[in-house]
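A.B. asks: Mind folding the following:
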Amino acid sequence: MLKIKVRGTELFDEATSRVITTPDTVLTLEHSLLSVSRWESKWHKSFLKEGLKSDAESIDYVRCMTITQNVDENVYLSLSMENIAEIRKYIDDPMTATTFNDSGVGKKNRRAITSELIYYWMTVYNIPFSCEKWNFNRLLVLIRVCSIESAPKKKMSKANIMKQNAMLNEQRKKRLNTMG
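C.D. replies: Model prediction:
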């Protein structure tokens, strides 16, 4: 959860030719699957898709992350560069100590990852839907851990099987005091 203070400002509304004053506001934000789902339902595209989002899409995601009730819509137009930098840092924070060894060369999945796919993974791995309010990055790490831990164990190569069998035979010969 992130709390940011948005300083009150005066904005000029060109459509009505009026000056709009916004008050100092503290926004409580949560980068979660629920926020991503809200955003995707409006913009009809994957939040995780590579590439920059437009200013309107980015500001709308901040709106979707907002937990604070009854926020004046103009407050989002008053976000400072410092506010935006703080929000980006928060979104990029993994929020976990878990790391992965990704040094191996692997195929990059070209499939678009959407909130519905993440909800599906939660179902497959029996992750309760209440976790949709967790930090989004932390939830993705949990799903990845579940995937790794539930993957079938890799089979040994024929050479390793022969080496293991030879070692077991030697141990048995010593234990039984025989030649073979």
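
A.B. asks: quick one: what helix or strand has the nearest residue to Ile127 once chain neighbours are set aside in it?
C.D. replies: Using C-beta to C-beta, 6 or more residues apart in numbering and skipping the chain neighbours, the partner closest in space to Ile127 is Leu142 (6.6 Å). C-beta coordinates here come from the backbone N, C-alpha and C atoms, glycine included. According to DSSP states H and E, Leu142 maps onto helix 136-150.

A.B. asks: which other helices and strands contact that helix?
C.D. replies: With contacts taken as 3 or more C-beta pairs under 8 Å, 6 or more residues apart in numbering; DSSP states H and E, helix 136-150 sits against helix 33-43, helix 81-92, helix 115-124.

A.B. asks: Other residues contacting it?
C.D. replies: For helix 136-150, the surrounding residues in contact (C-beta atoms under 8 Å, 6 or more residues apart in numbering) are 31-33, 35-36, 91-96, 98, 100, 118, 121-122, 125, 127, 131-132, 134.

A.B. asks: correct me, but Leu27 touches Arg63?
C.D. replies: No. In this structure, Leu27 is not within contact of Arg63 by C-beta atoms under 8 Å, at 9.7 Å.

A.B. asks: elements contacting the helix or strand of the chain with the lowest mean pLDDT?
C.D. replies: Using mean pLDDT, DSSP states H and E, the weakest-scoring helix or strand in the chain turns out to be strand 10-13, at a mean of 78. Counting contacts by 3+ C-beta pairs under 8 Å, 6+ apart, strand 10-13 packs against strand 18-21.
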